[in-house]
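**Q** pasting the sequence and the predicted model now:
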Amino acid sequence: MSATMDHIRPVQPGDVVKTSGRHVGDAGRMGEVVRVLGEKDHVHYLVRWEDGRESILYPGEGTTIHPSESAVASAD
């Protein structure tokens, strides 16, 4: 049985984004979701990266998004 999107917690501001490097040897990046943009079938995010810059992220292969520490603590 496969999971559906209805059973997955939606991404929220404050969640942590991690991306892997684009090429072998490239460092990945980590940031925080500032705002969720787009519609359900075309979602993307405004992300503030570790260096303080902000950009719009369309998640793809090599991108993971994890709940913020506060979201994890409130779920307990």
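**A** Yep, that arrived.
**Q** quick one, longest strand in the protein?
**A** Using DSSP state E to define each element, the chain has its longest strand at strand 29-37.
**Q** pLDDT score for the closest residue to Ser55 other than its chain neighbours?
**A** Leaving aside its chain neighbours, Ser55 sits nearest to Val47 (6.1 Å; criterion: CB to CB, 6 or more residues apart in numbering). C-betas here are computed from N, CA, C, even on glycine. For Val47, the pLDDT comes out at 98.
**Q** how about Glu39?
**A** As predicted, Glu39 sits at a pLDDT of 87.
**Q** distance between the ends of stretch 36-44?
**A** From its first residue to its last, stretch 36-44 covers 6 Å (CA to CA, to the nearest Å).
**Q** next one: that stretch to chain centre, how far?
**A** 12 Å (CA atoms, centre = their mean, to the nearest Å).
**Q** doesn't Val36 make contact with the residue nearest to Ser55?
**A** No - counting by CB atoms under 8 Å, Val47 does not reach Val36; the two are 10.5 Å apart.
**Q** verify the stated contact: His44 with Leu37.
**A** Yes - counting by CB under 8 Å, Leu37 is a contact partner of His44 at 5.1 Å.
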